[in-house]
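A.B. asks: A structural model of the following input is requested.
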Amino acid sequence: MVDFRKRRNDNPLAFSQHFVRKCEYIRDITKDLDRTFPEYDKFQTEKGRDGLLKVLVAISNTIKEVGYIQGLNSVAAVFLYYLKEEESFWILLYLMERVKAKEIFKTDFERVSILNYQLETFVHYYLPTVAQYFVRVSF
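C.D. replies: Predicted structure coming up:
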């Protein structure tokens, strides 16, 4: 079990050390910055995009098995909307490692396939009318 309070206290510069390092995903991250919540002014300013860039670079440099994958920008942006950059980094790291959300973001999407199968089975078993509707509309 990862103790994030201890990890943060033991590594107070972890966020800043990770976002200043070279990032192999910088091109993909930069491409997604303008697409992230264009309806919110916060992410249309240079300061807002820069904060999102820092968090995404830091996360992709910290969680090597995931790196950066499209969709991570939206999750990080939700945290950044309410929190400061470093707080967003730590809560996203917590979500990815402790809650194991990184399993969803791995490039092979194996966990997503499993979750989709479980959801489909659940809907067929507990909500057969809804399942029939989805089949009918080719959902």
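A.B. asks: from here on, just use CA atoms for contacts and neighbour counts.
C.D. replies: OK.
A.B. asks: for E65, see how far away L53 is.
C.D. replies: Distance, L53 to E65, using C-alpha to C-alpha, to the nearest Å: 19 Å.
A.B. asks: please say which of these two ends up with more neighbours.
C.D. replies: Legend: neighbour count by other C-alpha atoms under 10 Å for L53 and E65, higher for L53 (22 against 13).
A.B. asks: do I have it right that that one meets I29?
C.D. replies: Yes. At 6.9 Å, L53 counts as touching I29 under the criterion of C-alpha atoms under 8 Å.
A.B. asks: which SSE is S113 in?
C.D. replies: Taking DSSP states H and E as the criterion, S113 maps to helix 110-126.
A.B. asks: which parts of that helix are buried?
C.D. replies: Using 16 or more other C-alpha atoms under 10 Å as the test for burial, helix 110-126 gives V123.
A.B. asks: what mean pLDDT does that helix have?
C.D. replies: Throughout helix 110-126, pLDDT has a mean value of 85.
A.B. asks: same question, stretch 86-94
C.D. replies: Rounded mean pLDDT across stretch 86-94 is 90.
A.B. asks: run the chain-centre distance for that stretch.
C.D. replies: Centre-to-centre, stretch 86-94 and its host chain are 10 Å apart (C-alpha atoms, centre = their mean, to the nearest Å).
A.B. asks: name the surrounding residues that touch it.
C.D. replies: Stretch 86-94 is contacted from outside by F4, R8, F15, V55, A58, I59, V75, A76, F79, L80, using C-alpha atoms under 8 Å, 6 or more residues apart in numbering.
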